[in-house]
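Undergrad: Sequence and computational prediction follow.
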Amino acid sequence: SQVLDNIRALVFDRNEPYFGVNGIQFCSDILCSKYCTIQRLRLPRNQLTDMCVTALCTRLMTSFSAVSLVQLDLSHNRNISSECMHCLFVCIGEKCHHLQELNLSHTQIGNTTCQVIYDYFRCYYGATTCNLWYIDASHNTNIDMKGLRVLNQIFMHDITDKR
């Protein structure tokens, strides 16, 4: 427990095919420890899938411990798509109250994710638990003008108006 008190970041970069669900299980077990103070979880280039992201979120949602993450990097995982984004953003809204930065660049997310992001801010914006201010969705060719128009609504409308 004393070791976890001093760790602020976990970085697994380029572990490629060996990480997967077992690596996610390892990370989620650490994050769910009552002794965990990890603020940055960097998992780029690990061939993570939608199933991995869903497994991480499911484990975090069932934990009784608070999640201290400030930064989550899932970039360069080409098998992550919009399929798991609803689960991820619900987890951020309900459990990851300190999260400020999310990197989804170089994944396979698309326009559906833009709607999920809009829905997240519509639901959580203004709450003291909503600290997410940076989302990197660059280099995702499945996001086109339709998705950008949805994201633009965050800035064009009062998203706190729930009508």
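TA: Received it, and whenever you're ready, just let me know what you need.

Undergrad: My read is that residue 114 contacts residue 144, right?
TA: No. Using C-beta atoms under 8 Å, residue 114 makes no contact with residue 144, being 9.5 Å away. For the C-beta atoms, the positions are set from N, CA and C on the backbone; glycine is no exception.

Undergrad: Settle it for me: which of the two has more neighbours?
TA: residue 114 (26 against 12; other C-beta atoms under 10 Å).

Undergrad: Does residue 10 lie in a helix or a strand, and which?
TA: strand 9-11 (DSSP states H and E).

Undergrad: Return the helix or strand in the protein with minimum mean pLDDT.
TA: Among the secondary structure pieces of the chain, namely its helices and strands, helix 2-6 has the lowest mean (mean pLDDT, DSSP states H and E), a mean of 49.

Undergrad: For residue 47, the count of nearby residues, please.
TA: 18.

Undergrad: now swap in residue 148 and tell me
TA: Applying other C-beta under 10 Å, I find that residue 148 has 12 neighbouring residues.

Undergrad: quick one, what contacts it?
TA: residue 114 (C-beta atoms under 8 Å, 6 or more residues apart in numbering).

Undergrad: Assign it to helix, strand or coil.
TA: helix (DSSP: H, G, I helix; E, B strand; the rest coil).
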